[in-house]
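>>> sequence? don't have it. structure:
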């Protein structure tokens, strides 16, 4: 897992170099067939990438986005009208049975379909009209890291193809920002020692980093066996904050930007409750308000924070697993490819 986390600058650069021309070609093709709705279908870590995609695509293109519920097709056999929709399947392996069924049904009903996967020879690659490859090379750890950030990067490229004001030069800097985040590994490893006996935690994010809260919590659950709940800062204040007591661990994504005021309010409330807060931020204000912090070295536009911000979370989960004497590459009861209906 750690080795694959460290491979991400190279994997992201490779993906950009290989797929930009394809994306520009798709941009020209989609101009005369602009979708009225986008549907994202995924499971597990890929579903967290889809959650990010929902925010990104709605914010930057104005097209409504829905997250597919595959059981509507697999269990209830409902007929969904996908006309004028763009349906995007996201899967590391490309072999997620129910995700692929959503793509198959959507294409049969006239939707434009896209597959985002790390496997060129997968079932998904054969089903979708357009296939965008995450060029992460083989991912051996059960805990997905480099494929997650590759999927997020592909969603930026798709947003660009759909007319979003996303600067390709900014995207080309993401590997550099990721490399900078990797420089925090020793600091994060030392921090993780404090949480060796942690059994419960909450992860909070909002807006474009809401999906990162889901992904960080998932990594804590599957690699460290920590019961980790995840919330937006708004939802957390609507009830779940009642579980916080002194020293209860809360991890927060707090970038600069429009979500900063709500995250600052959240930190102040947690401070009053004497919670143990760990903030991931590039700004001094959240860092000063938290019990502990992981401070990124680069000040980024909020739009481009999700990939650099998930790196410290991935590193923390991998280091905490080592502190607990666990093998994050082979979590109990899990396999790399999970097929569900």
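Sure thing, it's come through. On a predicted model such as this, the values are computed, not experimentally measured, just so you know.
>>> in a helix, residue 231, correct?
No: counting by DSSP: H, G, I helix; E, B strand; the rest coil, residue 231 falls outside a helix, being strand.
>>> longest helix of this protein?
helix 8-30 (DSSP state H).
>>> check contacts around the residue nearest the centre of the chain.
The centre of the chain sits closest to residue 49, judged by Cα atoms, centre = their mean, with a distance of 3.9 Å. Contact analysis of residue 49 by Cβ atoms under 8 Å, 6 or more residues apart in numbering lists 42, 90, 148, 151, 152, 155, 211. No exception for glycine: its C-beta is placed from N, CA and C like everyone else's.
>>> show me the shaky parts of the stretch 151-300 of the chain.
Scanning the stretch 151-300 of the chain for pLDDT under 70 picks out no residues.
>>> who wins on neighbours among the contacts of residue 49?
Counting neighbours by other Cβ atoms under 10 Å, the top entry in those is residue 90, with 32 neighbours.
>>> neighbouring contacts of the strand or helix carrying that residue?
Assigned by DSSP states H and E, residue 90 belongs to strand 85-91. When contacts are defined by Cβ under 8 Å, 6+ apart, strand 85-91 is touched by residues 35-43, 46-47, 49-50, 53, 68, 96, 99-100, 102-103, 106-107, 111-117, 122, 124, 127-128, 151, 158.
>>> can you give me how far the longest helix of the chain is from the chain middle?
18 Å (Cα atoms, centre = their mean, to the nearest Å).
>>> in stretch 272-291, what counts as buried?
Along stretch 272-291, these residues count as buried under the neighbour rule (16 or more other Cβ atoms under 10 Å): 275-283, 286-287, 289-291.
>>> now do the end-to-end distance for it.
Counting by Cα to Cα, to the nearest Å, you get 12 Å between the two ends of stretch 272-291.
>>> may I see the buried residues of stretch 65-75?
Here stretch 65-75 shows 65, 68, 70, 73 as buried, counting by 16+ other Cβ under 10 Å.
>>> could I get the average pLDDT for the strand holding residue 90?
If you average the pLDDT over strand 85-91, you get 96.
>>> that one pairs with which strands?
The strands that strand 85-91 pairs with in its sheet are strand 37-42 (parallel), strand 112-117 (parallel) (by DSSP bridges).
>>> hmm, who's touching the first one?
Defining contact as Cβ under 8 Å, 6+ apart, one finds that strand 37-42 is touched by 49-50, 53-54, 57, 63-68, 70, 82, 84-91, 96, 99, 102-103, 106, 111.
>>> next one: stretch 157-169
Against stretch 157-169 from outside (Cβ under 8 Å, 6+ apart): 16, 19-20, 23-24, 26-27, 30, 34-35, 53, 56-57, 60-61, 63, 88, 114, 132, 156, 171, 303.
>>> in terms of helices and strands, where is residue 160?
helix 146-161.
>>> next, the angle from that helix to strand 112-117.
Orientation check (axes from the mean of the first three to the mean of the last three Cα atoms, to 10 degrees): helix 146-161 against strand 112-117 gives 150 degrees.
>>> beta partners for residue 66?
Applying DSSP bridges to residue 66, the residues it is bridged with are residue 39.
>>> check contacts around it.
Taking Cβ under 8 Å, 6+ apart as the test, what residue 66 contacts is 37, 38, 39, 40, 54.
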